[in-house]
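Asker: predicted model, plus sequence, below.
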Amino acid sequence: MTAQAASALQDEAPKPAVHAGLATAVRVLIPIVLALLVGAVVIFALGKDPLTYYGYVMRRGLLSPTGVQATITRMAPLLMISAGLIVAFRAGIWNLGVDGQFLLAAVVTAALAPALIDVVPGWLMILICLVVATLVGAAWSVVPAFLKARYGVNEIITTLMMTFLGIGLANVLVKIPFNDPTTTVPQTATLAVEDRLPRLFDTTIHSGVLIAIAAVLLVHLMMTRTAFGLKLQIVGANPRAAVHAGLNVSRLTFATFALSAGLVGLGGAIEVLGVWGTVRADWNPAFGLLVVPLVFLARFHGVAVIGFVLFFAVLMIGGESASRRLGVPTDFVLLLVGLLMVFLALVEYLDHRRRQATQA
Amino acid sequence: MAGLFTIDFTTALLFGAVTAGIPLLLAGLGEQISEKAGVLNIGIEGMMLFGAYTGFLVAFKSGSIWLGFLGGAGGGAAVALLMAIFCVWLGMNQIVIGIALTLGAEGLTALLHHFQFSRTYPRLDSIETLPLPLISEIPVLGRALFDHHPLVYLAVLLAFFLVWLFRRTYIGLNLQAAGDKPAALDAAGVDVYVTRTCAVLATGALAGIGGAYLANVGAGLFLPFMTNGAGFIGIVLAMLARGQPLWVLLGATLFGVSLALTTALQVAGLNIPTDVVQMLPFAMVMVVLVLFARHSYLPPALGLPYVRGER
Amino acid sequence: MTDRDHAVVPAVAVAGITKRFPGVVANDDISLTFNPGEIHVLLGENGAGKSTLIGILAGMQQPDAGEIRVGDRAVRLASPRDSLDRGIGTVFQHVLLVQSLTVVENLMLGGPWSSRLDRTSALARFRELCQVLAVTLDPDAQVGRLSLGEQQQVEIIRALWHGGRVLILDEPTSMLTPAGVRELGLVMARLRDQGVAIIFITHKLKEAYEFGDRISVLRLGRTVGEITKERLSAMSEQEATDEVIRLMFGPTATSEQGEADTMAHEGRRRRRTVVVDRAQPPFLLVRDLSIETRPGESALIDVSFDVWPGEILGIAGVDGNGQKQLAEALAGQRRTASGTVALRNTEITHLSVAARRELGLRYITDERLGEGTVAAHSVSTNLFLKEIGKPPFWWRGITRWDRIHSAARNKIATHDIRTPSERTPIGRLSGGNIQKSLLARELSTESGVVIFNKPTYGLDLHNIRSARARIRQGADAGLATIVISTELDELVELCDRIGVMYQGRLSGIVDNVEGAEIQIGLLMTGAEAA
C-alpha cells in the first residue's frame, strides 16, 4: 500500500462513526437490560412483583420531586469517587482503598468544620475544609504509592490494607479525640445546617453536586486533552513503554495516587459539608466498590460516568424507599451491580470475539 | 494490664483467636492455591459469604454440622465456578469479575437472609468440640488450643498438607507452572485452563468452608455481610506468604489473636476502642511491607489470562 | 521421488494442511513427509508459515483443513498432550520452561497428576538422555539460573522425554554461540543416526545446507519446492543456494537482486563509502560502565568503548550476556553504578532518558510491542510518544491533536508505514510496520547517536532489507551508530567494528575484516581478545 492508498483508507475512517456510537450504546444497554431482567427473576422468586418494584423505584428515585432531589444529592459523593477512580484506572492503578480515604477525609472535615466556623467566615471554613480533606485523602495513599513506585508492591493489597486501617482510624478519631460529649452516640460535633454547603435554588440539593460534576468533567478533559493525562495513560497502558519514552514513572505513580485519593477525599468533605454535618461512629457508606463497576461500565469516560452514576443513584434512592414500602432490602442493588458487571464483561468479550471473527 | 491476663482470660483469648483465625486460614490457603496458579481471586470475599449462607442453610435444615461444611464448600465453589468461567475460560479481567462476584454475593445473601431468616433469626445449637486426648489436659493451652471442633484441626493439617502438595506432587508442579509460565505447562501437555479451573474451585470450596465455619461455629447463625472483609484478609495473607502455606498459618494466627483481643477487651470492660486493636494486624502488615517490600514475590503470570499462542 | 523414499514409512506426514488467521493464510495446502533418520530442514523467511506448521504438529493449533499421519495412521493432534503421546517433541523458538522450577521438575511436568512425584525414575531417564545427547546438566539447578544454551538442552531433553520419534527444532540456533551451534549439529546427527526424524526450522540458507539431509522451502504459507536427499548430497553449497533462491523467488531470480540478495548473502561485507575519521574525538565515549543488577539478569561490568560519527559499531554475543542492559544503560533507562558515559564532551552518566534524548541519543528497542510502543494507542500517539508535552504539539500542557495527527500523516507517508489510518491502534500493524514507526520516531535530524537493538528480529526479507538500508543511510549521514544483534551475519554485513559481550563484559572489539568471524566466535565463548 502506498501513502495515497493509506490516506484513501483514512478518508473512510469517519464513516463508521455513527455506527460505532450506536454499537457503544448497544454494548452498554444490553448489560443493563440483562441485569434488570435477572434481577426481576430474583425478585419474582422471592415472592414479589418485579414490575411493581421497578416501577416504585423509578417513581421514588426519579419521578417524584423529593426523590429526584435525593438522587441528585446522592450523586455528589459517587461522582467524586468516580473522578478519583477514573484517574487511577486510566493510569493502571487499582486504587481499592477508596473507603478509607473517603471516610478519613469525612471525619477530619466533620471535626474541623464546627471548630472553624466560630473563627473564620463560612466560605473560608468551607474552602479550608475542602483543601484539608483533599490532602488527608491524598496522604492516605502515600504509603501504597511509595511501595508501588519504589518496590513494585501490588497496590491492590496495600490499598485494601490502608482502607481497613483508615476505617479503623476514622472510628477511633470519632470516638475519642473528635467525640462530641453532648451526644449519647459517639459522633463529632454537628455543623449547623445554615453553615453547610449552600443549597441550589429552592431544593434540598447542595452545591457540592456542582463541584462533583465539574471534577468529573475536568478529570475527563485532563485525561484526554493534556500532556499530563496522556502520560498517565501511557504509564497505565504499558509501564515499560513509559520508562522507555523517558517518563518519570515513579513521580507519575505518586501523582496518580495523590490525585485519585485526593479527589475521593474531597468527596468525603462534600458529603459531610453538604448532607450530614457530622460523622457518627461506625458510619461507612462503603461506596468504594460500588462505584468501580460504574466506572468500568463507562469505560473510564467522564461524561458517560455521570449518566451511570445517575442511573445508580436512582436505584439506590428508589431502592431505599422500596425497602421500607415493599420489603425488598436495599441490598438488592448490590446484586444488580454485580450482575451488571458480569454482563458487561460478557458483552465486551462477545464483542471482542465478533470483531476478531469479522477481521478475517 | 498485667492483672488482666488471668488464666481464664488467657484461655478465652486463645480459644477466641483460634475460632477467629480458622476462617482466615482457610481463605488464605485457598487464595494461595489460586495465586499459585496465576489467578488473582478478588472474588474470595463473595465465595466466603455465599459459603457462609449455604453452609448455614444446609446445617440448619439437615441438623448436621458436617453437611453444613459440605454445603459451604458447595456454595463457595459455585461462586468460584463463575469466576473460573469468566476469568479462566473467557479471559476477562480478574479484578473486575472478582469485585462483581463479591458485590453480587453480598446482595444475594442479604436478600435471602431478609426473606428467610430476618423474622426468626434461627440459631444452631452449640457445637460439640473434640478435645484431643492428653494434650487438651495441658493447663491454659489445652483448653484454648486443643478443645475445638474437629474442623479446626483439619484446617491446620491442611496447611501442612499443602506444603507437601506443593513440593512433592505433580499437582504442585502444575500449579506452579500455571502461575509462572503457563505456556510451558501447556507445552508439557497439561491443560492450563483445567489446572487453573481446579485451583479456583479449590479456592472457592475452602473459602466456602471458612465462611460456613464463621456462621456455624463462630456465630451459630447467618448474618448479612458477616465475613466483614475476612476474604480480603485472606488475599493479603496469601500475597504476603509468597507461596508458603505455613506463613499463611502464622499470619492467620496473628490476625486471629488480634480479632479475639477485640472481643476479650470488650468483655474485660477496658476502655480502648476495639478499632485500635482491630487495626493492629493491618498496621503490622504495612510495617512489614515497608520494611521488607523488596522481598515480595508474586507469580509472573498472576492476573493474566492465558491464551494459547500469545506471549 | 525415488523408490527408496517409498520404502521408508514416514515418521510424520502432513497433507493439504491449511490454516487461516484473520487477514492471512498462514498455511496454504502444505504437504510434507518427514522420514525417520533424516534431518529435514524447513526453510523460509519470517512469516512464511513455518511456525504455524510447527504449532499444528505440536498440537498447539488446529488446521482448518488437511490430514496428519503419524507412522501409517491418520491422527488428530487436538492438544500438546496428543502430540507428546505420539512421540512428537518440540523445542520452541522461545524458551518454554518454568524458571522457578529445577531442571528435573521441569522435565517431570505433565506427569500423572494423581500420583506423587517420581523423582527416581525421572532422574534415571534424565541421565539416559544426557548420555544420548552427550551433555552434562545439574538436574537440581533452577532453570532460571542456567544459560540459554543450557536451557535449550533441557528443552531438547524434554522433547525426547516421551520416546522421541520426531524432534522439532524451531529456529534453535538463534540463541547459541558458533560453538554451541556446532554442538547442536553433533547432537542432531547423533539423534538422526538413532532413527529420530528431525524437523529443523531456519531462515538461514547456510544452516539449511550445513545440517539438512533434505530441504523444503516455504514461502507465503506454501511449499514452493523441495531438494531431496539425493540431490542435496550431490550439490555444492553454491548450487544449493542458487536452487533455493530459484525456488523462492522464481526461475529467473538471481541471488544478486532484492530480497534474494538479502537472503543469499547474509554475512557478506558491504563496503561502506564513508571513511571514519578516528583523528576526530569520538561522539560517544563509554568508560568502565557498570550497572546495578536485579536478581536473575545479566550484569554489566566495566564496559568501555568509543563510537565515532559515521561509524557503525556492532555488539555481538549470545542473547542474555548483557547487551540489553548495555543498551538500557546507554539510553538512561537504568541507573549507572560506576563508570562514565559522555556524549560530545558532555557527561551524561546520570542524566535521565529524556535529557539524553534531548542531546541526540536515540534507542530503538528490540521489544517493539513490549516497550517500544503502546499497542492500544494510535499510531499518532506512538510516533510522538517521546515528545509528550513539547511544542508544537502541546501548548502549555494541552494536547493539540490536530497537529499531532497531521504530522503523523506526514511521517506515515515519508516512512512508508502501512496503516489504515494514523488513528489505528499501533498494535494492529505488522511487525515490519511497527519497526518502521519506531525508526520514524527515532531517526530525525536532531539525532547524533543511535542504538539499534536487534533491528531486524522477526521481520520478513523485505523489511529486513529496508531496515538495514536505513541503518546504513543514517551512518552515511554521520550518525554514530551502535547495532546490537545476535545474528553475527547481520553485524558482519553492516558494521565497521564489532564488539562482543560475554557475561556482562565487553570481551573484545575487532575490526570487521575478512576472517573476523572466527575471532568473534571465540570471544562469544569467553576467550579474551588477542
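Answerer: Thanks, I have the structure now. Residues are numbered from 1 along each chain as shown, chains lettered A, B, ... in the order given.
Asker: switch to C-alpha atoms for all contacts and neighbour counts from now on
Answerer: Noted.
Asker: from A:N171, how far off is the closest residue to C:L361 other than its chain neighbours?
Answerer: Excluding its sequence neighbours, the residue lying closest to C:L361 (CA to CA, 6 or more residues apart in numbering or on different chains) is C:V449, at 4.8 Å. According to CA to CA, to the nearest Å, C:V449 and A:N171 sit 59 Å apart.
Asker: what do you get for B:W164?
Answerer: 43 Å.
Asker: these two: which has the busier surroundings?
Answerer: A:N171 (27 against 14; other CA atoms under 10 Å in any protein chain shown).
Asker: any idea which helix or strand carries the more buried one?
Answerer: helix A:155-175 (DSSP states H and E).
Asker: can you give me how far that helix is from the chain middle?
Answerer: Distance of helix A:155-175 from the chain centroid (CA atoms, centre = their mean, to the nearest Å) equals 18 Å.
Asker: who touches it?
Answerer: Outside of helix A:155-175, the residues within contact range by CA atoms under 8 Å, 6 or more residues apart in numbering or on different chains are A:93-101, A:103-104, A:107, A:140-141, A:144-145, A:147-148, A:179, A:186-188, A:279-282, A:284, B:232, B:235-236, B:239, B:273, B:275-276, B:278-279, B:282-283, B:286.
Asker: now stretch C:16-30: how far from the chain's centre is it?
Answerer: That offset, for stretch C:16-30, works out to 23 Å (CA atoms, centre = their mean).
Asker: and it with chain A, contact?
Answerer: Yes. Residues of stretch C:16-30 contacting chain A under CA under 8 Å from any CA of the partner chain: C:F21, C:P22, C:G23, C:V24.
Asker: was I right about the second one contacting A:Q356?
Answerer: Yes. Here C:P22 reaches A:Q356: they are 7.1 Å apart, a contact under CA atoms under 8 Å.
Asker: show the pLDDT at A:A17.
Answerer: Predicted confidence (pLDDT) for A:A17: 55.
Asker: can you check C:R344 too?
Answerer: For C:R344, pLDDT reads 86.
Asker: could you check the pLDDT of the residue nearest to it when sequence neighbours are not counted?
Answerer: Distances taken as CA to CA, 6+ apart place C:F283 nearest to C:R344, at 5.0 Å, with adjacent residues excluded. Looking at C:F283, its pLDDT reads 91.
Asker: quick one: residues contacting C:F283.
Answerer: Contacts of C:F283 by CA under 8 Å, 6+ apart are C:D306, C:V307, C:W308, C:P309, C:L343, C:R344, C:N345, C:G448, C:V449, C:A480.
Asker: please name the residues that touch B:I42.
Answerer: B:Q94, B:I95, B:I97, B:G98, B:I99, B:T102, B:F232, B:I235.
Asker: the second one and B:F86: what is the separation?
Answerer: The one in question is B:I95. 11 Å.
Asker: most neighbours among the contacts of C:F283, which one is it?
Answerer: Among these, C:V449 has the most neighbours (other CA under 10 Å), with 29 neighbours.
Asker: from chain B, how far off is that residue?
Answerer: With distances taken as CA to the nearest CA, to the nearest Å, C:V449 is found 32 Å from chain B.
Asker: who's that residue bridged to?
Answerer: Applying DSSP bridges to C:V449 gives these bridge partners: C:L361, C:A480.
Asker: just the pLDDT at it, thanks.
Answerer: Confidence score, pLDDT, at C:V449: 93.
Asker: the host helix or strand of C:V181: what's the following helix or strand?
Answerer: Assigned by DSSP H and E, C:V181 falls within helix C:178-193. Per DSSP H and E, the first helix or strand lying C-terminal to helix C:178-193 is strand C:197-202.
Asker: and for that next one, what are the contacting residues?
Answerer: C:11, C:34-44, C:50, C:165-172, C:188, C:192, C:208, C:212.
Asker: average model confidence for that strand?
Answerer: Here the average pLDDT along strand C:197-202 is 92.
Asker: same question, stretch C:221-228
Answerer: pLDDT averaged over stretch C:221-228 gives 88.
Asker: and what of stretch A:114-129?
Answerer: Rounded mean pLDDT across stretch A:114-129 is 91.
Asker: now that stretch, how far from the centre of its chain.
Answerer: Its chain's average C-alpha position is 27 Å from that of stretch A:114-129, according to CA atoms, centre = their mean.
Asker: alpha carbons of that stretch, in CSV - could you do that?
Answerer: Below are the C-alpha coordinates for stretch A:114-129, written out as CSV (Å, rounded to 0.1, in the frame of the first residue of the first chain):
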residue,chain,number,x,y,z
PRO,A,114,-17.6,23.1,63.5
ALA,A,115,-14.3,24.2,65.1
LEU,A,116,-13.5,26.6,62.3
ILE,A,117,-16.9,28.2,61.9
ASP,A,118,-16.5,30.2,65.1
VAL,A,119,-13.2,31.5,63.9
VAL,A,120,-13.4,32.2,60.2
PRO,A,121,-16.1,33.2,57.8
GLY,A,122,-18.3,30.4,56.4
TRP,A,123,-16.9,30.5,52.9
LEU,A,124,-13.4,30.3,54.2
MET,A,125,-14.3,27.5,56.5
ILE,A,126,-15.7,25.5,53.6
LEU,A,127,-12.6,26.2,51.5
ILE,A,128,-10.2,25.2,54.2
CYS,A,129,-12.2,22.0,54.8
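Asker: where are the low-confidence patches of the stretch 1-150 of chain B?
Answerer: Scanning the stretch 1-150 of chain B for pLDDT under 70 picks out B:1-5.
Asker: and for B:P139, the neighbour number?
Answerer: 11.
Asker: over to C:H203?
Answerer: C:H203 has 21 nearby residues by other CA under 10 Å.
Asker: next: B:I127.
Answerer: Around B:I127 there are 13 other residues, counting by other CA under 10 Å.
Asker: what residues does chain B put near chain A?
Answerer: So far as CA under 8 Å from any CA goes, chain B lies against chain A at B:86, B:90, B:92-93, B:96-97, B:99-108, B:110-111, B:114-115, B:232, B:235-236, B:239, B:273, B:275-276, B:278-279, B:282-283, B:286, B:289-290, B:293-294, B:296.
Asker: could you list every residue that touches residue 264?
Answerer: Chain wasn't specified; assuming chain A. Contacts of A:V264 by CA under 8 Å, 6+ apart are A:M80, A:I81, A:A83, A:G84, A:V98, A:Q101, A:F102, A:T134, A:G137.
Asker: should've been chain B
Answerer: B:A264 neighbours (CA under 8 Å, 6+ apart): B:F9, B:A12, B:L13.
Asker: got the phi/psi numbers for it?
Answerer: Taking degrees, to the nearest 10, you get phi -60, psi -40 for the backbone angles of B:A264.
Asker: which bits of the stretch 51-200 of chain C sit near chain B?
Answerer: Taking CA under 8 Å from any CA as the contact definition, the stretch 51-200 of chain C meets chain B at C:60, C:79-82, C:84, C:96-100, C:105, C:108-117.
Asker: ok, back up a step: the helix holding C:V181: which residues count as buried?
Answerer: Using 16 or more other CA atoms under 10 Å in any protein chain shown as the test for burial, helix C:178-193 gives C:P178, C:G180, C:V181, C:E183, C:L184, C:G185, C:V187, C:M188, C:A189, C:R190, C:L191, C:R192.
Asker: looking at these, spot the one nearest C:D29.
Answerer: Among the buried residues of helix C:178-193, C:R192 lies closest to C:D29 (CA to CA), at 27.7 Å.
Asker: check the residue nearest to C:M524 when sequence neighbours are not counted and give its pLDDT.
Answerer: Nearest residue to C:M524, sequence neighbours excluded (CA to CA, 6+ apart): C:G317, at 5.4 Å. pLDDT, C:G317: 87.
Asker: how close does C:G317 get to C:E487?
Answerer: C:G317 is 9 Å from C:E487, by CA to CA.
Asker: ok, those two, which is more surrounded?
Answerer: Ranked by neighbour count (other CA under 10 Å), C:G317 and C:E487 place C:G317 first, with 30 against 22.
Asker: how close does C:R428 get to C:R158?
Answerer: 35 Å.
Asker: what about these two, which has more around it?
Answerer: Legend: neighbour count by other CA under 10 Å for C:R428 and C:R158, higher for C:R158 (25 against 15).
Asker: residues in contact with whichever residue of the stretch 151-300 of chain B sits closest to chain A?
Answerer: Distance from chain A to each residue of the stretch 151-300 of chain B (CA to the nearest CA) is smallest for B:D275, at 5.0 Å. Going by CA under 8 Å, 6+ apart, B:D275 touches A:G168, A:L169, A:N171, A:V172, B:T262.
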